[in-house]
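Chemist: mind looking at a prediction? Sequence and model below.
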Amino acid sequence: MPTFQAPRGMRDILPGEVERWQALEAEIHDLAARYGFREIRTPVVEHTEVFQRTVGETTDLVEKEMYTFSDRGGRLLSLRPEGTAAVMRAFLEHGLARQPQPVKLYYIAPMFRYDRPQRGRYRQHTQFGAEIIGSPDPSADAEVLALPVRLLQQVGLTEVEVRLNSVGDAACRPLYLAALRDYFRPHVADLCVDCQRRYEEHPLRILDCKREGCHRIARGAPPVFGYLCDECAAHFEGVRAQFDMLGIRYSIDPFIVRGLDYYTRTAAEVYSGRLGAQNAMFGGGRYDGLAEQLGGPPTPGVGFGFGLDRLLLVGEQEGLARPLDRGIEVMVVTIGPTARSEGFRLADELRQAGIRTDGDLLVRSVAAQMKHADRLGARLALVLGDDELAAGTVTLREMASGEQTTIARAGIAPALLDRLRRQEPTNEGQGR
RNA sequence: GUGGCCGUAGCUCAGCCUGGCAGAGCGCCUGACUGUGGCUCAGGAGGCCGCGGGUUCAAGUCCCGUCGGUCACCCCA
């Protein structure tokens, strides 16, 4: 038994699984570029306040899920639990408002939350997120949210439905909260303890409660739509119209509330039936007040966060195409010390020519080297012994057929390259 | 943070109920006459039975704790 394990809720991604990540990440970079998004990388750690002031003091995320510590200089820092606040911080810090507007940014980055781990919920997970900062128009909402939808379709998950809602803005939300309090007031005693607290702090969240009792009461609550101000109502209509235009399926769900305080107007989520309890694939929305909460000028923004660990879990269950691993193509097999040393030169030559090549690092017998070539899935073995050295040749063995030919040592790299690329397996050579 | 279930070799698991020498398959390594893999055969390495404590003549097996995983709650991606 190893003495150490990875920290709870965190895991190693080993060869075999890592290829899925690489393929997915490549797909995302490509998708984001096609939609005109540029990548941004921010530190894994931020000043704790960045999240406290934006995500909300009373949210679970800030209240009990952050990895917070003070560094040796006495600064209070946190591992980032989500991406949007950090991106906005960077936007403000570097004056990106002076770049051509709107600014379209995306990231693939690890997030940290001190949760109780289970399948699909990790203390370190990776999110793909994108933000459009600088446009208040509904088309911006539809355009960022199209990204995760297209990604899902692209990886083969076509049965996805976006759930949409509007949570109002600074103008109309207070009215709605008041209306909710009015509605829940006579029911407070019947709500769960959490919701009784929510009644005081954030009655919107009661709508989100999954407890049967609370849910039954919440079902009778007045829907937000009657309370949206004209601007918010128009915005919501605009987003819907854009979704229709793009042919993106969605449903209206007045119970989508989002667990982060910075959201205004648009709120969106997508779930998967394949994920058990941890079923949210992505969530997002508009956050027009976020920049001001960070001390910046009023700046509209909209974005989402997508859980890639969960996407891969679903993809695995759906049996989606497994990316080819980049195993070796050629194994150099040598006999005797002189050939062994020459074999190193040969292997390196092939590698520089672009061929995935391996050799013997254990001074093994020819049989063992051949066996190793087979285990690693090499297509060709190049046998090099005293005979070949003397003749200036190499014995080439097709592993699949066992067919052997003698070829010249000189100019071998181009010859092999041609041979390998000419009769590539049909599904190789695309999508990287 | 709450409750349930589960931790035995690198992997998948049997053994636990009913305490008595730690096992299988796969994988890994070596060999089967001189320089050739896959199939087969033979051999080998590898386990503080997650960790700690308790009960017992004796604990992988029973009890408690703890760490980790998992399911649900909660929360969320």
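Modeler: Received it, and whenever you're ready, just let me know what you need. Bear in mind the structure is a predicted one, so any value in this text is a computation, not a measurement.

Chemist: just want the residue of the stretch 151-300 of chain A that's nearest RNA strand B.
Modeler: At 1.5 Å from RNA strand B, A:Gly259 is the closest residue in the stretch 151-300 of chain A, using CB to the nearest atom of the strand. (Each C-beta comes from the backbone N, C-alpha and C, glycine too.)

Chemist: what score does that residue have for pLDDT?
Modeler: At A:Gly259, the predicted lDDT confidence score is 73.

Chemist: what about the closest residue to it other than its chain neighbours, neighbour count?
Modeler: Once flanking residues are discounted, A:Gly259 sits nearest to A:Thr59: 5.8 Å by CB to CB, 6 or more residues apart in numbering. The number of residues packed around A:Thr59, counting by other CB atoms under 10 Å, is 22.

Chemist: surely A:Thr59 is in contact with A:Arg258?
Modeler: No: in this structure, A:Thr59 is not within contact of A:Arg258 by CB atoms under 8 Å, at 9.8 Å.

Chemist: what's the overlap in contacts for the two?
Modeler: By CB atoms under 8 Å, 6 or more residues apart in numbering, A:Thr59 and A:Arg258 have no common neighbours.

Chemist: check contacts around the residue nearest to A:Gly259.
Modeler: By CB under 8 Å, 6+ apart, the contact set of A:Thr59 is A:Gly259, A:Leu260, A:Asp261.

Chemist: dump those residues to a markdown table, plus secondary structure.
Modeler: Shown next, in a markdown table, are the contacts of A:Thr59 (DSSP: H, G, I helix; E, B strand; the rest coil):
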| residue | secondary structure |
| --- | --- |
| A:Gly259 | coil |
| A:Leu260 | coil |
| A:Asp261 | coil |
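
Chemist: which one of those has the most neighbours?
Modeler: Highest neighbour count within the contacts of A:Thr59, by other CB under 10 Å: A:Leu260, with 24 neighbours.

Chemist: quick check: phi and psi on that one?
Modeler: Main-chain dihedrals, A:Leu260, degrees, to the nearest 10: phi -110, psi 140.

Chemist: residues contacting the spatially closest residue to it that is not a sequence neighbour?
Modeler: Leaving aside its chain neighbours, A:Leu260 sits nearest to A:Val55 (4.9 Å; criterion: CB to CB, 6+ apart). Residues in contact with A:Val55, defined by CB under 8 Å, 6+ apart, are A:Leu61, A:Val62, A:Pro81, A:Glu82, A:Ala85, A:Leu260, A:Asp261, A:Tyr262.

Chemist: next step: these restricted to helices.
Modeler: Among those, the members falling in helices (DSSP state H) are A:Leu61, A:Val62, A:Ala85.

Chemist: pull out the buried members of these.
Modeler: With burial judged by 16 or more other CB atoms under 10 Å, the buried subset of these is A:Leu61, A:Val62, A:Ala85.

Chemist: pull up the per-residue confidence for the second one.
Modeler: Residue-level confidence at A:Val62 comes out at 84, pLDDT.

Chemist: and the last one, by the same measure?
Modeler: What the model reports for A:Ala85 is a pLDDT of 96.

Chemist: my guess is it meets A:Leu290, correct?
Modeler: Yes: here A:Ala85 lies in contact with A:Leu290, judged by CB under 8 Å, at a distance of 7.0 Å.

Chemist: what touches both of those two?
Modeler: Common neighbours of A:Ala85 and A:Leu290, using CB under 8 Å, 6+ apart, are A:Thr54, A:Tyr262.

Chemist: helices of the stretch 1-150 of chain A, start to end?
Modeler: All helices of the stretch 1-150 of chain A, identified by DSSP state H, counting those that start in this stretch, fall at A:18-34, A:48-55, A:60-64, A:84-93, A:138-154.

Chemist: out of those, nearest to RNA strand B?
Modeler: Of all the helices of the stretch 1-150 of chain A, helix A:60-64 comes closest under CB to the nearest atom of the strand, at 4.0 Å.

Chemist: tell me what that closest one is packed against?
Modeler: helix A:48-55 (3 or more CB pairs under 8 Å, 6 or more residues apart in numbering; DSSP states H and E).

Chemist: now do the same contact list for A:Tyr199.
Modeler: With CB under 8 Å, 6+ apart, A:Tyr199 has these contacts: A:Arg181, A:Phe184, A:Val188, A:Leu191, A:Ile206.

Chemist: which residues sit in contact with whichever residue of the stretch 101-250 of chain A sits closest to RNA strand B?
Modeler: Closest contact between the stretch 101-250 of chain A and RNA strand B, by CB to the nearest atom of the strand, is at A:Arg119 (2.7 Å). Contacts for A:Arg119 (CB under 8 Å, 6+ apart) come out as A:Gly276, A:Gln278, A:Leu313.
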